[in-house]
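In: need coordinates for the below:
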Amino acid sequence: MIVLSFALVGCDKNTPDENESSDVDTTVETTAPETTESETTDTEAPESTEPAGPEITIFADGKVQCDIVIGDKASSVISGAANDLKAAFGNKLGSTPSVRKEGTFKTLNGGTIDVPKIVVGTLKEDEYSKTLESEFENNSDHIITAQNGTLYIIGKTDASTAIAVNTFIGFWVKSGLETLAFDMGEVECLPANYDGITIAGNPIVNYSIVYYSSYYATECATNLQTAIHDRLGISLPLVSEGDGEGEYEILVGKTGRIEAKELRGAYDRPNVYYDVKTVGDKLVVMGEGYRTLQKVEDELVAYFKAAENDTNLTGTVLSGNILADVDAVDCMTDALEKADSVDARVLHWNMAAPLSWNQSEEKWGANWPFEANATGRKMRAEQQADVVLIYNPDIVTTNEIYANHASGTQYNTFVKELSEHFTLIESNYDTRDDDMPKDVPTKAENNTAYGNPEQILIRKGKFTVVDSGWRYLSDGTTFHGIHWAVLETTEGQKFITSVAHYGDARTEVTFGSEHLSAIGFAQRSSGVGSVPVILTGDMFTYVNHSASSAGATYYYLEGYGYRDSQVSTQFNCNDDAKGNKHGTFHDPMNDSSKGRASEDFVWYNNKLVSNKFGVIVIPESTNTSDHWPVFSDLSFTTT
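Out: Residues are numbered from 1 along each chain as shown. Sure thing, here's the model as predicted:
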């Protein structure tokens, strides 16, 4: 028979050192399988400072004699911990208890079945489990105690309850002893080295995994939890960063914890670097973006699988970057380099927010990894935000990403992932009445379903917004619009940046003239006059375009003195037989197509010069849209 008799209160920070003397007596004794109350021993155990709790029979006659009970609305953290405890019993004893929810121990007439129980977490129907909450003081985080034939494992929070279960697994189930009887006050939960794996000298069992709320940070945290479970047989609790801060935490992704923020702040682009490093008692797993999180996850999981029993994670555990993977894009070997003379790196991307395209549709292909649902759009947006951050722009302009329809998850996620570094310019007024015909649908008429599909984001601390405006183009299409902003640098230079989405159903001058008309309105309304001007967007226009009107639009903009960055920088990558430049509109999941058309542009007037132009062709940009992003490094001239 295996019995337990103890009261264990968890983890006082002021615990005496194990080498110091203590009034608390800890007795661990291995006894014969059967003992009766009348039997005595020659030597009595010394008195402890607290009376031992009553015995609870765990195992007899080759079977586990108790059930594990959790609340009827127990969280996944609690139920996961209970199942880990169940598995640990099975591994040690060859017999596993059942995991039941409270309220299931009833007879047919409604009576309660009195069976030994291990209670994990507070139960609604168990008054004693609720009274234990008053014991959480003096830095105690959790309690393990036996009363009335029931073993209680309860913490302040779900996470600390899971840690208490891990404590029990490590202290008893893995002890190798048939009988463990002990009485403890507020002392260390575990021996100094739990399975030899520690973090900053602390038993890893005391830790919870705290994750940032992005899809890929959550995935990284979950896979890390699995790797630790496979190595140690315990599940560290997964905790969202908003659920309160603990003393012992593994921080995954760009959480708001000060330790993580300070580590990210050491890099100008933290999403191309990754670190696993202890800061105080916390382990920071720093990877800001999709690609660095994938990289650090692979390396850290491999690290835990290979960890020796005396491993102590301290200082810098892992470190690296993805620079070599992303520095070269099509026809470029220095894509990440930005000269000091550059006043603004402008990145434009039609992010393609389809309502119904999914894996079943031929256009996107059977292997397209994103479903047309909220999760799929969140995954896409996180990868798209990562592309933007990797290439370090100062201004970001986008097409086809909406706030107020089914792709709103993509919009909200994209803006959120950039929010630490970029400010979204939100223009809430329609300039239609000032610079375009009255019969055009108003913003309010179209905004009901979609919202502004043309976005401008600017790097924080780089520019201030003087003025901005937004309106639809005259064809009334829900994703054809113009968004402009008058910006000012910290040195006082004012300029205009804009983004538009042209269409293919207008004459050769309509879209171009409406775009330039909006720029003229911006100059007049803000009073800036003749200043540097940037035009970006999916303009459905290029030389030798199959639609003659679209090709004419290209010449129309040239006729007003605007220059195409791709041409002016002599970016002649993959020109085709007709002289068309590198395409930006491509087959999804296919980077060998090199684009069916060049439709995405960065134009500028004679008060700017383009130092560099690039089409960003990497897996994340190829797989998430049917357009590749383009960027141009622009500098102000003295003209």
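In: so where do the helices sit in the stretch 501-639 of the chain?
Out: Assigned by DSSP state H, counting those that start in this stretch, the stretch 501-639 of the chain shows helices spanning 510-526, 548-559, 565-568, 619-624.
In: mind exporting the first one as CSV, just the C-alpha atoms?
Out: Only the C-alpha atoms of helix 510-526 are listed here, as CSV (Å, rounded to 0.1, in the frame of the first residue of the first chain):
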residue,chain,number,x,y,z
THR,A,510,-9.1,59.3,-65.7
PHE,A,511,-7.3,57.6,-62.8
GLY,A,512,-4.1,59.5,-63.2
SER,A,513,-5.9,62.9,-63.4
GLU,A,514,-7.9,62.1,-60.3
HIS,A,515,-4.8,61.1,-58.4
LEU,A,516,-3.0,64.3,-59.4
SER,A,517,-6.2,66.3,-58.6
ALA,A,518,-6.1,64.9,-55.1
ILE,A,519,-2.4,65.9,-54.7
GLY,A,520,-3.3,69.4,-55.9
PHE,A,521,-6.1,69.6,-53.2
ALA,A,522,-3.6,68.4,-50.6
GLN,A,523,-1.2,71.2,-51.6
ARG,A,524,-3.9,73.8,-51.4
SER,A,525,-5.6,72.6,-48.2
SER,A,526,-2.4,72.3,-46.2
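In: in the stretch 301-450 of the chain, where is pLDDT below threshold?
Out: For the stretch 301-450 of the chain, the stretches with pLDDT under 70 are 353-368, 404-407, 428-450.
In: can you give me the strands in it?
Out: Listed in chain order, the strands of the stretch 301-450 of the chain (DSSP state E, counting those that start in this stretch) span 312-313, 316-321, 344-350, 395-399, 422-424.
In: pick the most buried one from those strands.
Out: strand 395-399 (a mean of 28; mean count of other Cβ atoms under 10 Å). (C-beta placed from N, C-alpha, C; glycine too.)
In: so what strands line up beside it?
Out: Next to strand 395-399 in the sheet, as set by DSSP bridges, lie strand 344-350 (parallel), strand 455-459 (antiparallel).
In: where among the helices of the stretch 501-639 of the chain is average confidence lowest?
Out: When the helices of the stretch 501-639 of the chain are compared by mean pLDDT, helix 548-559 comes last with a mean of 76.
In: any idea which helix or strand in the chain has the lowest mean pLDDT?
Out: Ranked by mean pLDDT, DSSP states H and E, the weakest helix or strand in the chain is strand 186-187, scoring a mean of 30.
In: can you name the element that comes right after it?
Out: strand 198-199 (DSSP states H and E).
In: packing partners for that next one?
Out: strand 312-313 (3 or more Cβ pairs under 8 Å, 6 or more residues apart in numbering; DSSP states H and E).
In: please name every helix or strand in contact with the strand it packs on.
Out: strand 198-199.
In: pull out the buried residues from whatever helix or strand V239 lives in.
Out: V239 is part of strand 238-240 when elements are defined by DSSP H and E. By 16 or more other Cβ atoms under 10 Å, the buried positions in strand 238-240 come out as 238-239.
In: okay, now the sheet partners of the helix or strand following that strand, with direction.
Out: Later in the chain than strand 238-240, the nearest helix or strand by DSSP H and E is strand 249-252. The sheet places strand 249-252 alongside strand 208-211 (parallel), strand 282-287 (parallel), with pairing taken from DSSP bridges.
In: thinking again about what came up before, turn the helices of the stretch 501-639 of the chain into JSON lines, columns for mean neighbour count and distance to Y411.
Out: Shown next, in JSON lines, are the helices of the stretch 501-639 of the chain (neighbours: other Cβ atoms under 10 Å; distance: least, Cβ to Cβ, whole Å):
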{"stretch": "helix 510-526", "mean neighbour count": "20", "distance to Y411": "22"}
{"stretch": "helix 548-559", "mean neighbour count": "18", "distance to Y411": "27"}
{"stretch": "helix 565-568", "mean neighbour count": "22", "distance to Y411": "26"}
{"stretch": "helix 619-624", "mean neighbour count": "21", "distance to Y411": "14"}
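In: give me phi/psi at C66?
Out: phi -140, psi 170 (degrees, to the nearest 10).
In: and for Q65?
Out: Dihedral angles (degrees, to the nearest 10) for Q65: phi -100, psi 10.
In: list the contacts of it.
Out: 57-59, 116 (Cβ atoms under 8 Å, 6 or more residues apart in numbering).
In: at 6 Å instead, please
Out: 57, 116 (Cβ atoms under 6 Å, 6 or more residues apart in numbering).
In: swap in R345?
Out: 338, 393-394, 631, 633.
In: between these, which sits nearest F540?
Out: F631 (19.8 Å; Cβ to Cβ).
In: partners of the closest residue to that closest one other than its chain neighbours in the sheet?
Out: Spatially, and ignoring its direct neighbours in sequence, F631 is nearest to L347 (4.2 Å; Cβ to Cβ, 6 or more residues apart in numbering). Beta bridges link L347 to V396, F631, judged by DSSP bridges.
In: most neighbours out of the contacts of R345, which is it?
Out: Highest neighbour count within those, by other Cβ atoms under 10 Å: F631, with 27 neighbours.
In: show me what contacts it?
Out: Taking Cβ under 6 Å, 6+ apart, we find F631 in contact with 345, 347, 614.
In: pipe the strands paired with strand 249-252 into CSV and attach mean neighbour count per row.
Out: Below are these laid out as CSV (neighbours: other Cβ atoms under 10 Å):
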stretch, mean neighbour count
strand 208-211, 24
strand 282-287, 26
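In: between the ones you listed, which one is nearest to P97?
Out: Comparing those by Cβ to Cβ, strand 208-211 comes nearest, at 24.7 Å.
In: using PDB, write down the CA coordinates of the closest one.
Out: Extracted as PDB, the C-alpha positions of strand 208-211 are listed here (Å, rounded to 0.1, in the frame of the first residue of the first chain):
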ATOM      1  CA  SER A 208       5.100  29.200 -16.600                       C
ATOM      2  CA  ILE A 209       5.300  30.000 -20.300                       C
ATOM      3  CA  VAL A 210       4.000  33.500 -21.000                       C
ATOM      4  CA  TYR A 211       3.200  34.300 -24.700                       C
END
